[in-house]
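Asks: Take this sequence and fold it.
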Amino acid sequence: MGGNRPERGERETGEEKNFSLLLCNGGRKKMMQGAFLGLALLVFLGNLMMWIIMPTFTYYLKWLPQLLAHTNSTFFDIQGTIMLNFTLPILFIGVIGCFYIHLGKDASQHNNVQRRDYLKAVRQPKIIKALGIVTWIELLFVAAFVVLCVWYFAAFIHYHFSTISIYAASKGVQVWQAKIDRVALVIGLTGNICLTFLFYPVTRRSSILPMLGLTSEGSIKYHIWLGHITMLLFTAHGLLYILFWALSHRLYEMVKWDPHYVSNIAGEISLVMGLTIWITTIPGIRRKMFELFFYTHYLYIGFMAFFTLHTGIFYACIMLPGFYLFLVDRYLRFLQSTQNVRLNSARILPCQTFELNFSKTPGLKYSPTSIMFINVPTISKLQWHPFTVTSNSNLEEDTISAIIKCEGSWTKKLYDVMSSPTPVDSLQVSVEGPYGPAQTSYLRHDALVMISGGSGITPFISIIKELIFMSSVRNQKTPKVLLITIFKNSSHLSILDLLLPLSPTTSFTISNLDIQIEAYITRDTKPTIMLENPEPARAVWFKPKTSDVPISSILGQNSWLWLAAIISGSFFIYLLLVGVLYQYYVYPMDHGSNKVFPYYTRALLNVLFICFGIVISASAAFLWNKKQIGREAKHIQDSSRSYANVTVTNDQHQELESFPRKSLNTSINTYYFRRPDLKRILMEIEGSSVGVLASGPKSLRHDVAAICSGLPNNVTFDSNSFNW
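Replies: Down below sits the predicted model:
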């Protein structure tokens, strides 16, 4: 009553107008994004120039004296000069990145249609045994990084060897022994370059990686490479110094803690912690004793703390920005993980796979292929496991879902809890995320080929749902989709039921999407009895506690603007505290000589100031947004209860489970006891732009990448494979 409700056609017209307005604004936002990206590139090139010039005579004899003369002050001492050259530029880029992502988040799916990819040729995959799947552009950056490290090492060797005789005489050792000393030092300095970049790939809420078209989950391989190189160089650094001390009869140096210079024992403690982490990354140990690998990684806290005590805060400021941004992200993750989220239901599939359905706030938007980390304290209080989000924030406004397959002890225990004949009424769950790419490029292609093995289909479910939304609501032209799935048994075909939204009454249908599904069963020779008479998925409903909250963005809808404020505010607090310390305590004591106030005390206070600034700024932002999100959450407090009441009857339950299969049957071809001829299939795909995505076992992804590398340039392989 009360008023006329708008018809569906009128609603769609309004949505089309909003979309047109979005496209108009998108052009302006793209220009602003380009300006921010150009500014970030300019600042980075300036910072890179400082890295290149630092190991030369020009820097120490000309640049550094001038920099100190113009920037040294009683507020920050020489630390201010170092932060100005190496710390502030990267943090500034981090803030710029926040604005860049904020401008692009609304139009990430709509402004990239049929945009020409000028870097397509260099993005083609190449298989290198030691590195896995890499693109030519990745190889270019790897080569540039290696050149930087080689230059840094060679230039510093030249710098130190030019006065080696004088240095040897001052130390009272022979020249060849002094050379071992200097080589050990330079190897350590080169290792610091790798340490500087080590934490960028594992910063999940990174504002820098998206500007490079990267995501944290897709950049883990860079963290692995950098970790190996870092520990190799630091180990050589430590062993060479021990050799030098032994040859010069100075082994007492191993336990020396110089209050006004390098602390050797702090460096040794840091190295031992780093070696412990490094050993547990050996593939055999990591796979067989994952918990040991996982828990050992927490030693990074001690590793970085003792590294700072070893080098002193002056030099630690050079590698500070990457670790600083990581600490901001890590503390925000901690704040999110302290909340218990509202788990509404679970769907148990007949293939030892289950779907968890959580309540979320409507304001939480995420992109396809996003992941979230899940913790269930009743199984393990410390273990967090990543799972791909299979729901779509446009189709399922109040729900976020993830599929979990039994492939380890943790997932097996959780499956036993879910599939128990007497399931629990509620389950305490915490999450971090979701995290996903800032932009996606699926609409750029005429055709999409998705090739999955086993549970690798999960990221493709979210992509297909996004394409359904784009074709149904936006009325956009979507690419032709070919989904090739490879399963061991027929029972795994039930996963395909999850390709559509849960509700059978939804207005979004797959009929507008040109999709073909080719399912290959490798072990069964014919349809099983289970497939001919499929067992419906079993729904398990939970009764969330009143204290459980819907999943929401930790910093609200304007999360990137808040992140920029946190980075800026926390660093301002840090600078303020450091300035007060130096001006009113350190400088009156040593008058800039750095010979009275101990280095280790200075380093410890700086570490405490950094943590204090981050905790204050991030906590304030979190609490402010928690209040705002709480108001939004009130509107969906009863959603899980009402949803459960709708689907509780047997007839409705059968309708719910049969609807997706009926809609998809016409699009599915099933082949038994066969594997797909991927090369033939990919060569037969027509289109001026064909996107190929692979997800699943390593061997499958490598096979697809190898095939794509030999195909024409109209075929583009997505090298950001979905494996953690």
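Asks: Show the contacting residues for Ser73.
Replies: Contacts for Ser73 were tallied using Cβ atoms under 8 Å, 6 or more residues apart in numbering; they are Gly80. For glycine as for every other residue, the C-beta is placed from the backbone atoms N, C-alpha and C.
Asks: how about low-confidence regions in the stretch 1-150 of the chain?
Replies: 1-26, 106-130 (pLDDT under 70).
Asks: now the helices for it?
Replies: 8-53, 57-58, 64-71, 77-82, 88-104, 136-161 (DSSP state H, counting those that start in this stretch).
Asks: ends of stretch 412-431, how far apart?
Replies: For stretch 412-431, the separation between the terminal residues is 19 Å (Cα to Cα, to the nearest Å).
Asks: these two touch, right, Ile596 and Tyr585?
Replies: In this structure residue 596 is Val, not Ile. No - with contacts defined as Cβ atoms under 8 Å, Val596 does not count as touching Tyr585, sitting 11.0 Å away.
Asks: Make CSV out of the helices of the stretch 1-150 of the chain and add mean neighbour count and distance to Lys526.
Replies: What follows is the helices of the stretch 1-150 of the chain, written out as CSV (neighbours: other Cβ atoms under 10 Å; distance: least, Cβ to Cβ, whole Å):
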stretch, mean neighbour count, distance to Lys526
helix 8-53, 13, 44
helix 57-58, 11, 76
helix 64-71, 13, 76
helix 77-82, 21, 70
helix 88-104, 22, 50
helix 136-161, 15, 44
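Asks: Of those helices, which is nearest Arg205?
Replies: Of all these, the one in closest proximity to Arg205, counting by Cβ to Cβ, is helix 88-104 (9.9 Å).
Asks: who touches that closest one?
Replies: For helix 88-104, the surrounding residues in contact (Cβ under 8 Å, 6+ apart) are 29-30, 32-33, 36-37, 39-40, 43-44, 46-47, 206-208, 210-211, 321-322, 324-325, 438-439, 558, 560-561, 563-564, 567-568, 571.
Asks: Recalculate using a threshold of 7 Å.
Replies: Helix 88-104 is contacted by residues 29, 32-33, 36-37, 39-40, 43-44, 46-47, 207-208, 210-211, 321, 324-325, 438-439, 560-561, 563-564, 567-568, 571 when judged by Cβ atoms under 7 Å, 6 or more residues apart in numbering.
Asks: need the helices for the stretch 501-650 of the chain, in chain order.
Replies: Taking DSSP H, counting those that start in this stretch, the helices of the stretch 501-650 of the chain run over residues 529-532, 559-581, 587-590, 599-633, 639-646, 650-664.
Asks: how far off helix 599-633 does the second one point, in degrees?
Replies: When axes from the mean of the first three to the mean of the last three Cα atoms, to 10 degrees is applied, the directions of helix 559-581 and helix 599-633 differ by 150 degrees.
Asks: in helix 559-581, what's buried?
Replies: Within helix 559-581, the residues that qualify as buried are 559-571, 573-575, 577-578, 581, counting by 16 or more other Cβ atoms under 10 Å.
Asks: helices or strands up against that helix?
Replies: helix 88-104, helix 313-337, helix 599-633 (3 or more Cβ pairs under 7 Å, 6 or more residues apart in numbering; DSSP states H and E).
Asks: Out of these, which gets the lowest mean score?
Replies: Comparing the helices and strands packed on helix 559-581 by mean pLDDT, the weakest confidence falls on helix 599-633, with a mean of 89.
Asks: Using the neighbour-count criterion, name the buried positions in that one.
Replies: Buried residues in helix 599-633, counting neighbours by 16+ other Cβ under 10 Å, are found at 599-600, 602-603, 605-607, 609-610, 613-615, 617-618, 621-622, 625-626, 629, 632-633.
Asks: Could you list the low-pLDDT ranges of the stretch 451-600 of the chain?
Replies: Of all residues in the stretch 451-600 of the chain, those with pLDDT under 70 make up the ranges 500-509, 528-536, 592.
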